[in-house]
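Q: Would you be able to build a 3D model of this:
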Amino acid sequence: MYKHMTSAHLFKLLDCLLESHTFAKDFNSNNEQRTALWRAGFKGKSKPNLLKQETSSLACSLRMLFRMYSDLQLQASWPDIQTRLLLRGRCSPPPVPPLGANSCPSLRLQFKPHASCYYPHLCEMMQFDLIPELRAVLRRFFLRIGSVFHIAAPEGTAARAPPTP
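A: Alright, predicted model coming up:
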């Protein structure tokens with residue numbers, strides 16, 4: 001359906017997803033309300049939660065934003081997309097250079113502000129027991145950071161030892 005939607009439609013869908021995320025996050029944060037529901041006989045052996053809704057809505061919105069950010073057809077919306085991406089990571093957006101009619105910022109330049117913003121949050125995630133799919137995503141992210149910031153050899157090549165003084 002993505003290819004049949006305008007940027008206005010995509011932004012409206014994103015707003016709905018983020019509203020769903022906020023609702024679920026607020027519910028999950030309200031321990032008193034969850035305990036009251038559980039004690040009142042709400043289904044299950046543990047307190048009710050909306051963890052799946054919270055994580056799925058955020059993951060879906062981030063996937064959409066990154067797809068939109070790499071879509072040349074939505075080039076006019078890139079500043080708005082970048083702002084939304086960085087706000088998800090609680091970062092302020094860097095200035096967006098003006099684009100010519102047929103210019104496309106390199107993916108490396110697009111990735112840097114997001115990598116810088118999300119890096120500390122993703123490092124924090126490493127202390128938890130993660131499902132294999134999430135570990136694979138984090139691995140790809142950290143490998144990409146290594147090449148974008150020139151702090152590691154490109155994937156598939158052996159790292160060279162630093163020169164001796």
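Q: mean confidence for stretch 42-49?
A: Along stretch 42-49, the predicted local confidence has a mean pLDDT of 84.
Q: Just give me the neighbour total for Leu10.
A: Taking other C-beta atoms under 10 Å as the criterion, the count of residues near Leu10 is 20. (C-beta placed from N, C-alpha, C; glycine too.)
Q: how about it, phi and psi?
A: Note on Leu10: its backbone torsions stand at phi -60, psi -40 [degrees, to the nearest 10].
Q: Residues touching stretch 2-20, excluding its own?
A: Residues outside stretch 2-20 that contact it (C-beta atoms under 8 Å, 6 or more residues apart in numbering) are 53, 57-58, 60-61, 64-65, 67-68, 74, 76-77, 80, 84.
Q: go with 7 Å
A: Under the contact criterion C-beta atoms under 7 Å, 6 or more residues apart in numbering, stretch 2-20 has outside partners 53, 57, 60-61, 64-65, 67-68, 74, 77, 84.
Q: Give me the pLDDT for Arg108.
A: 69.
Q: Leu14 now?
A: At Leu14, the pLDDT recorded in the model is 93.
Q: Buried ones from the contacts of stretch 2-20, can you make that a ChimeraX selection?
A: In ChimeraX, this line selects whichever of the contacts of stretch 2-20 come out buried by 16 or more other C-beta atoms under 10 Å:
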select :53,57,60,61,64,65,68,74,77,84
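Q: Which ones among the contacts of stretch 2-20 lie within helices?
A: 53, 57, 60-61, 64-65, 67-68, 84 (DSSP state H).
Q: so which pair among those is furthest apart in space?
A: The largest distance within these, taken as C-beta to C-beta, falls between Gln53 and Met68 and amounts to 22.2 Å.
Q: Output the ones in helices among the contacts of stretch 2-20 as a markdown table; include the columns distance to Thr35 and pLDDT.
A: A markdown table is the format used below for the ones in helices among the contacts of stretch 2-20 (distance: C-beta to C-beta, whole Å; pLDDT from 0 to 100):
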| residue | distance to Thr35 | pLDDT |
| --- | --- | --- |
| Gln53 | 19 | 88 |
| Ser57 | 24 | 85 |
| Cys60 | 29 | 85 |
| Ser61 | 29 | 84 |
| Met64 | 34 | 87 |
| Leu65 | 35 | 83 |
| Arg67 | 39 | 85 |
| Met68 | 40 | 87 |
| Arg84 | 34 | 81 |
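Q: and of these, the nearest to Met1?
A: Nearest to Met1, judged by C-beta to C-beta, of the ones in helices among the contacts of stretch 2-20 is Met64 at 11.0 Å.
Q: For that closest one, which non-adjacent residue is spatially closest?
A: Leu14 (6.0 Å; C-beta to C-beta, 6 or more residues apart in numbering).
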